[in-house]
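Student: Sequence first, predicted coordinates after that:
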Amino acid sequence: MISARGLVKTYPLPAGEVAAVAGIDLEVAAGEFVAVVGRSGSGKTSLLNLLAGIDRPTAGEIWIGGQPVHALRGSRLAAWRGRAIGLVFQFFQLLPTLTVVENVMLPMDLCKTVPARQQRERARELLHRVGIADQGGKLPSALSGGQQQRAAIARALANEAPVLLADEPTGNLDSATSDAVLELFAGLAVDGRTVLMVTHERDVSGYATRQVTLTDGRISADTPTPAEGRIGAEGRIRAGGRTGAGGRIGEDAADAPALTGRVGRS
Ligand SMILES: Nc1ncnc2c1ncn2[C@@H]1O[C@H](COP(=O)(O)OP(=O)(O)OP(=O)(O)O)[C@@H](O)[C@H]1O
Ligand SMILES: [Mg+2]
């Protein structure tokens, strides 16, 4: 689903060039849930922005779902991205003058994926799914960091894109809500979507199917996580692959694990 070959991104600086991405080859199949880890400055966000077509590679190719992302430009690139990629940014990037529900409606409106009459209802459903149904009428600035993060996740799910790219989506969440988000992403992958998530969390092996470690813009480790160690993976598959994706994230931290129906981790 995702194929990056010889990917390089350098930035010109007064002191010389800095290679944020210094030669990455990466193949990710549909249904994989890849956790991208690495120290601050190792190139995680840079890689994500290249894959999303937000930044243009200095060298190399990116193919996503058969599309040569490195070769797309302008309105074709924007149209492709809107349908093919769900994006959660490191710093949310909700539009400050739109309400939360309008922020979630925006991708549907831009890409005409959902009829205008149904957009608000679908947005409300997504906000419900991430546990902030009661926040839809507010402006993003009136939400806590964790609530804004959940709004950004709802927006990323709006067009049911086959690929979800998320930059530290659990960075501002308490551990219970964070687990619920990971559970939601794992469920999407079980349903056949491709999820690539940058994270600082020490241990996401209970959810991700694979962990890719970046060091100085290169892949220094790439390891699958064994299915038997994955929480709920078996249950989700048995349940027809819908349990995780259909699960809802709790309104507040305390009830999040219960609502997703997952057996607690110890
Ligand atoms: N626009 C830019 N101009 C110059 N250098 C940049 C730019 N964006 C990133 N870099 C540099 O590229 C390197 C990788 O940055 P990147 O943001 O990808 O790291 P990261 O792994 O996402 O870090 P963090 O965990 O702190 O978010 C860093 O050295 C950074 O300073
Ligand atoms: Mg980053």
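Tutor: Happy to help now that I have it. Numbering: from 1, shown residues only. Ligands and ions are numbered 1, 2, ... in the order given.
Student: for the stretch 1-150 of the chain, what spans make up the strands?
Tutor: 2-13, 16-28, 33-38, 59-64, 67-68, 85-88 (DSSP state E, counting those that start in this stretch).
Student: from the stretch 51-200 of the chain, which residue is nearest to ligand 1?
Tutor: Proximity to ligand 1, evaluated over the stretch 51-200 of the chain using C-beta to the nearest ligand atom, is greatest for Gln90 at 5.9 Å. The C-beta positions use only the backbone N, C-alpha and C, and glycine is treated the same way.
Student: May I ask you to confirm that that residue is in contact with Thr45?
Tutor: Yes. With contact defined as C-beta atoms under 8 Å, Gln90 and Thr45 form a contacting pair (5.9 Å).
Student: Common neighbours of the two, please.
Tutor: Counting by C-beta atoms under 8 Å, 6 or more residues apart in numbering, the contacts common to Gln90 and Thr45 are 167, 198.
Student: ok, the two, which is more surrounded?
Tutor: Shown here are Gln90 and Thr45; by other C-beta atoms under 10 Å, Thr45 has more neighbours (20 against 16).
Student: Next up, the contacts around that one.
Tutor: Per C-beta under 8 Å, 6+ apart, neighbours of Thr45: 90, 167, 198.
Student: Could you give the bridge partners of the last one?
Tutor: The one in question is Val198. Val198 forms beta bridges with Val36, Asp167, as assigned by DSSP bridges.
Student: That one and Arg122, how far apart?
Tutor: In this view, Val198 and Arg122 are 27 Å apart by C-beta to C-beta, to the nearest Å.
Student: Which of those two has more residues huddled nearby?
Tutor: Neighbour count, other C-beta under 10 Å: between Val198 and Arg122, Val198 has more, with 24 against 19.
Student: Hmm, Asp167 and the more buried one touching each other?
Tutor: Yes. Using C-beta under 8 Å, Val198 is in contact with Asp167, at 4.7 Å.
Student: okay, and the common contacts of the two?
Tutor: By the contact definition C-beta under 8 Å, 6+ apart, Val198 and Asp167 are jointly contacted by 44-45, 48, 90.
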